[in-house]
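1. based on what follows, work out the 3D shape:
(4 chains)
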Protein chains: 2
Amino acid sequence: MDEMPSANAADRPTPGRQGQRRDSTQKAIRDAAISMFSEFGYHAVTLRKLADRIGIQAGSLYNHIENKQELLFEILYEIMSDLVRSFEEKVAPVNGPQARLDAFIQNHVAFHTARKEEVFIGNMELRNLSPENRAKMVALRDRYENYVIEILREGQATGVFARSDPKMASFAIFGMLNSVANWFNPGGQRSADDIAKQYTQFIHAMLEPKARRS
Amino acid sequence: MDEMPSANAADRPTPGRQGQRRDSTQKAIRDAAISMFSEFGYHAVTLRKLADRIGIQAGSLYNHIENKQELLFEILYEIMSDLVRSFEEKVAPVNGPQARLDAFIQNHVAFHTARKEEVFIGNMELRNLSPENRAKMVALRDRYENYVIEILREGQATGVFARSDPKMASFAIFGMLNSVANWFNPGGQRSADDIAKQYTQFIHAMLEPKARRS
DNA sequence: GCTTATTGCAAACAATCGTTTGTTAAAGTA
DNA sequence: TACTTTAACAAACGATTGTTTGCAATAAGC
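-> Residues are numbered from 1 along each chain as shown, chains lettered A, B, ... in the order given. The predicted structure follows:
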């Protein structure tokens, strides 16, 4: 019953109880950090405000995290690795640039809607990482972006996409896709699937060779 | 000779000279704030670091600004008003949804490349404004976005654009156009005009009715 | 049931934050 | 030349920052 780990102060083990070896606090810290970093930004969230949210003292955080910087990095690194991994598992194996592009769009939108807070932090807080941590993130991001550029190149080479600067096209595609995390409303009218379908149409049209008839 | 106002400490009036009635310091503060806010973020830029950059003491800033929050707001409000004004002067008068859309893209890209630092701050730091200041910004932004949605609506009504959710289409368009400020490199290969032309093609394709032949 | 590892609290740490103060020198005004 | 205004400095303000410490309470392991 009350064994379930949870994110908010209300159903954490009774405040004041100490010593239990559960890792519910660790998860509560992560969840609160994701929520608050995404709403207010890394620097605006003090460790006292973060601790308040889960009902402990600021110093107690240090039983679970190394420091504030590592807390940010772990959140960012996990979301970026998960994104890359989902691509490599679900998108990379798909044959043919057109089908692989569609799989990419579907996967990217699903990911960005399901985990919009973490993605948003990823878009905003890279510059607040230490140089070493930022380098690791940039490496992951470049890997992901290069996968997409490669799809575009292959599609142009085989004639299914119109010729254009592949990097600029990828900027345009990532621009529209990434911004979904900014405006997507989980309770709103537009479902993740609707968005993926509509954006797939948009991107198809963008890349379609002029010679072709629709 | 040394009368020219400038942005950096090197050629400001000799450090230590006091009393001169020039407003070069005011401009130096603004320029340094734009540069540093855009590079490191509002909260990461302390008034001491900002003052250091232009070669004065932190307290001396208060001879020129009301406080840190107002400094941010003034930068943001000016960039957003300028953007809206440029639309109303150069885009709104254009006749026909297709031509007006093109004028919008051209103007938007030109603006976002010419003033990428301020635009970038505008995309990042809205949440660090006081509620009153943020409300003013949001009102301006909504006005601008609604202009574009109106273009899309009119184009759909007259049949020059394909039917789709105009708001979602505007999200996609703004997503790709706004991100230009993130990656544009003033010294790089891609000129503002190249970008505007390429993005115009992309957006045309996105909005083109299926029945039409290219 | 005794021991040990965990995890919390309360308090403090030095550092730094935005901002205010009192004062002084230079420049504008007449 | 005498007077006023402007804008700088050095120093301090209280508040808050991330982090560390000593200690108490609890649950888990034997």
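2. okay, and for chain A, where does confidence drop off?
-> Applying pLDDT under 70 to chain A picks out residues A:1-22, A:211-214.
3. can you rerun that using 90?
-> By pLDDT under 90, the low-scoring segments of chain A are A:1-24, A:210-214.
4. domain parsing of it, as residue ranges.
-> A:12-65, A:69-212 (automatic domain parsing).
5. out of those domains, which comes closest to DNA strand C?
-> Smallest distance to DNA strand C across the domains of chain A (CB to the nearest atom of the strand): 3.1 Å, for domain A:12-65. (C-beta placed from N, C-alpha, C; glycine too.)
6. buried ones in the longest helix seen in chain A?
-> Longest helix in chain A, counting residues (DSSP state H): helix A:131-157. By 16 or more other CB atoms under 10 Å in any protein chain shown, the buried positions in helix A:131-157 come out as A:133-134, A:136-137, A:140, A:144, A:147-149, A:151-156.
7. so residue A:81 makes contact with residue A:143?
-> No - under the criterion of CB atoms under 8 Å, residue A:81 is not in contact with residue A:143, lying 10.3 Å apart.
8. so who does residue A:49 touch?
-> Counting by CB atoms under 8 Å, 6 or more residues apart in numbering or on different chains, residue A:49 touches residue A:36.
9. over to it. Which of the three states is it?
-> At residue A:49 the chain is in helix, as set by DSSP: H, G, I helix; E, B strand; the rest coil.
10. same question, residue A:162
-> coil.
11. pretty sure it contacts residue A:156?
-> Yes - if you go by CB under 8 Å, residue A:162 and residue A:156 touch, sitting 7.4 Å apart.
12. so who does residue A:36 touch?
-> Residue A:36 makes contact with A:45, A:49, A:50, A:53, according to CB under 8 Å, 6+ apart.
13. for the nearest residue to residue A:161 once chain neighbours are set aside, give its distance to residue B:43.
-> Once flanking residues are discounted, residue A:161 sits nearest to residue A:155: 3.6 Å by CB to CB, 6 or more residues apart in numbering or on different chains. Separation of residue A:155 from residue B:43 (CB to CB, to the nearest Å): 42 Å.
14. can you check residue A:142 too?
-> Residue A:142 is 27 Å from residue B:43, by CB to CB.
15. now residue A:93: phi and psi?
-> phi -70, psi -20 (degrees, to the nearest 10).
16. identify the residues contacting it.
-> By CB under 8 Å, 6+ apart, no residues touch residue A:93.
17. stretch A:67-80 near DNA strand D anywhere?
-> Yes - counting by CB under 7 Å from any atom of the strand, DNA strand D is contacted by stretch A:67-80 at A:67, A:68, A:69.
18. before we move on, back to that, quick check: the residue nearest to residue A:161 touching residue A:207?
-> Yes - counting by CB under 8 Å, residue A:155 does reach residue A:207; the two are 6.9 Å apart.
19. overlap in contacts of these two?
-> Each of A:101, A:161 lies in contact with both residue A:155 and residue A:207 under the rule CB under 8 Å, 6+ apart.
20. what residues does chain A put near chain B?
-> Within reach of chain B by CB under 8 Å from any CB of the partner chain, chain A has these residues: A:39-41, A:43-44, A:124, A:127-128, A:164-165, A:168-169, A:171-180, A:182-183, A:190, A:195, A:198-199, A:201-202, A:205-206, A:208, A:210, A:213-214.
21. count the residues that sit near residue A:73.
-> For residue A:73, the number of neighbouring residues by other CB atoms under 10 Å in any protein chain shown comes to 21.
22. so which helix or strand takes in it?
-> Per DSSP states H and E, residue A:73 falls inside helix A:68-86.
23. list the buried residues in that helix.
-> Using 16+ other CB under 10 Å as the test for burial, helix A:68-86 gives A:68, A:71, A:72, A:73, A:75, A:76, A:77, A:79, A:80, A:83.
24. could I get those residues as JSON lines with distance to residue B:59?
-> As requested, the buried residues of helix A:68-86 are exported to JSON lines (distance: CB to CB, whole Å):
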{"residue": "A:68", "distance to residue B:59": "29"}
{"residue": "A:71", "distance to residue B:59": "34"}
{"residue": "A:72", "distance to residue B:59": "32"}
{"residue": "A:73", "distance to residue B:59": "35"}
{"residue": "A:75", "distance to residue B:59": "37"}
{"residue": "A:76", "distance to residue B:59": "36"}
{"residue": "A:77", "distance to residue B:59": "40"}
{"residue": "A:79", "distance to residue B:59": "41"}
{"residue": "A:80", "distance to residue B:59": "42"}
{"residue": "A:83", "distance to residue B:59": "46"}
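25. secondary structure class for the spatially most central residue of chain A?
-> When CA atoms, centre = their mean is applied to chain A, the residue found nearest the centroid is residue A:119 (2.9 Å). Residue A:119 carries the three-state label helix when classified by three-state DSSP.
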